[in-house]
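1. Take this sequence and fold it.
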Amino acid sequence: MSKWLTISLFIGFVTSGCYYDESIPEDQNVWPVVQPTDVGMDEVRLLQMDSSIIAQPGQGIESVVIIKSGSLVYEKYYFGNNRITQFELGGVSSFISNLAIGRAIDMGLINSVSDSIYKYLPAFSEEFEDFPLKKNMTFEHLMTMKSGLSWNELRGAFDGQLSDIDRMVESEDWAEFLITKPLDAVPGSRYAYNSAIPVLLAEAIEVQYGDGIHSFLLNEVFGSMNVNSFDVARVGDNANMAWGISLTTLDLAKLGYLYLEKGNWFNEQIVDAEYMTSSVSIQTNLDYFNNFGWMWWRYADTSGFLPFLEVNDVFFAGGIGEQRLYVVPHLELVVAITGKNERADFDLSSPLIFRNYILRSIQ
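-> Next up is the predicted model:
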């Protein structure tokens, strides 16, 4: 990059703050807007990120929002998107079921994470009576992917067999499909990733709340944060909490900020602080790269992905297509990234945006 181009970009950054493609709107009244240098971030590094995204439209990054030290530092939308665009979150959706369960516990709809889910699914009482070991399945087991239910997450690569996700989507009742799967392990004994688990969590909430999960989220969780523009996709009578939620990127950042603040939204405790802390704590050690909480991912200390961080307290939600929500408590950092890339040969992925540009911009 030439000297004069760098200077021109820098001037553009300074004069427009974190808004590259629109003036500061009146409807963003959550956080004060500051320059990166005000919170110890390198403007040039963020400009390099911006240039890389613009130069590679095929890589799929469509928006980036950065909250640092309680301030909005960076908000930009790419390739025709804007702040009112609702992005399909894919697998990022799953952490919202964790948030919903926490709120349901606070409201007394669910006793605790240690409670068996069978009490909350009366429509399937016969299944639980026929297979009583399933009564041991708790909300915590579900959120840590230790339900014990037999599950084939991926389609057969060679034999063309349908995955259980495919079969569930084709079924009339998704919750029934899930809960009637046979056990192949004692609940709580073994980790086995099942992206459809939020369907069961949402079903339990809907039964106790007496209304749909969209209404529950709107009235009991999101309303206080002014998150009013969102969608929970429905397939027939099934609410797709597993990978069917759509949100604006700014609202996704709000949810990350709620976890950063341990459930407190500007002096209103929306979800119990202890529950929020447990949700993002390591509950299961998986492998050399990842650990798992309650519907949240953690980087293992052995991953080597973030070698320059003195404290490895990053927790994140991820989905296919570049959607990511990162929270780094000791840096007071929340990063929301959305995109649509489903290729396997990209080199400008959300994790690399997060690591190589955003984290390395912090001085």
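2. Now L309. Nearest residue, chain neighbours left out?
-> Excluding its sequence neighbours, the residue lying closest to L309 (Cβ to Cβ, 6 or more residues apart in numbering) is L359, at 7.2 Å. Every C-beta, even on glycine, is put in place using the N, C-alpha and C of the backbone.
3. Sketch out the low-pLDDT regions of the stretch 201-350 of the chain for me.
-> Along the stretch 201-350 of the chain, segments meeting pLDDT under 70 span 341-347.
4. Please, where are all the strands along it?
-> 230-232, 234-235, 238-239, 245-247, 264-265, 268-269, 284-285, 290-292, 297-299, 315-319, 323-328, 333-339 (DSSP state E, counting those that start in this stretch).
5. Same check on the stretch 1-150 of the chain?
-> 61-68, 71-77, 87-88.
6. Would you convert the ones you listed into TSV that also reports distance to L250, mean pLDDT and mean neighbour count?
-> Below are these laid out as TSV (distance: least, Cβ to Cβ, whole Å; pLDDT from 0 to 100; neighbours: other Cβ atoms under 10 Å):
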stretch	distance to L250	mean pLDDT	mean neighbour count
strand 61-68	6	96	26
strand 71-77	7	95	23
strand 87-88	11	94	22
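7. Tabulate those (CSV), appending distance to G210.
-> Shown next, in CSV, are these (distance: least, Cβ to Cβ, whole Å):
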stretch, distance to G210
strand 61-68, 35
strand 71-77, 37
strand 87-88, 28
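8. if we compare those, which one ends up closest to E274?
-> strand 61-68 (23.3 Å; Cβ to Cβ).
9. Enumerate every residue touching the closest residue to V311 other than its chain neighbours.
-> With sequence-adjacent residues excluded and distances taken as Cβ to Cβ, 6+ apart, V311 is closest to H330, at 4.6 Å. Contact analysis of H330 by Cβ atoms under 8 Å, 6 or more residues apart in numbering lists 310-311, 313.
10. Tell me the spacing between H330 and K262.
-> With the distance defined as Cβ to Cβ, to the nearest Å, H330 ends up 14 Å from K262.
11. can you check E268 too?
-> Counting by Cβ to Cβ, the gap from E268 to K262 is 12 Å.
12. Those two - which one has more neighbours?
-> Higher neighbour count among E268 and K262: K262, with 17 against 9, using other Cβ atoms under 10 Å.
13. Can you get me a residue count around the closest residue to the more buried one other than its chain neighbours?
-> Once flanking residues are discounted, K262 sits nearest to A273: 4.1 Å by Cβ to Cβ, 6+ apart. Other residues near A273 come to 12 when the count uses other Cβ under 10 Å.
14. cool, and T302?
-> T302 has 11 neighbouring residues, counting by other Cβ under 10 Å.
15. again, but for the one 4 residues further on
-> By the criterion of other Cβ under 10 Å, L306 has 16 neighbours.
16. and if you look at D50?
-> D50 has 19 neighbouring residues, counting by other Cβ under 10 Å.
17. That one and L72, how far apart?
-> Counting by Cβ to Cβ - D50 and L72 are separated by 16 Å.
18. next one: S163
-> 40 Å.
19. Minimum distance to L306: which of the strands of the stretch 201-350 of the chain has it?
-> L306 lies closest, by Cβ to Cβ, to one member of the strands of the stretch 201-350 of the chain: strand 297-299, at 6.1 Å.
20. Which neighbouring elements make contact with that closest one?
-> strand 290-292, strand 315-319 (3 or more Cβ pairs under 8 Å, 6 or more residues apart in numbering; DSSP states H and E).
21. which one of these is the most hemmed in?
-> Greatest average neighbour count among those goes to strand 315-319 (a mean of 23), per mean count of other Cβ atoms under 10 Å.
22. Tell me the strands beside that one, with direction?
-> strand 297-299 (antiparallel), strand 323-328 (antiparallel) (DSSP bridges).
23. so which of those is the most packed in?
-> Note that of those, strand 323-328 is the most buried (mean count of other Cβ under 10 Å), with a mean of 26.
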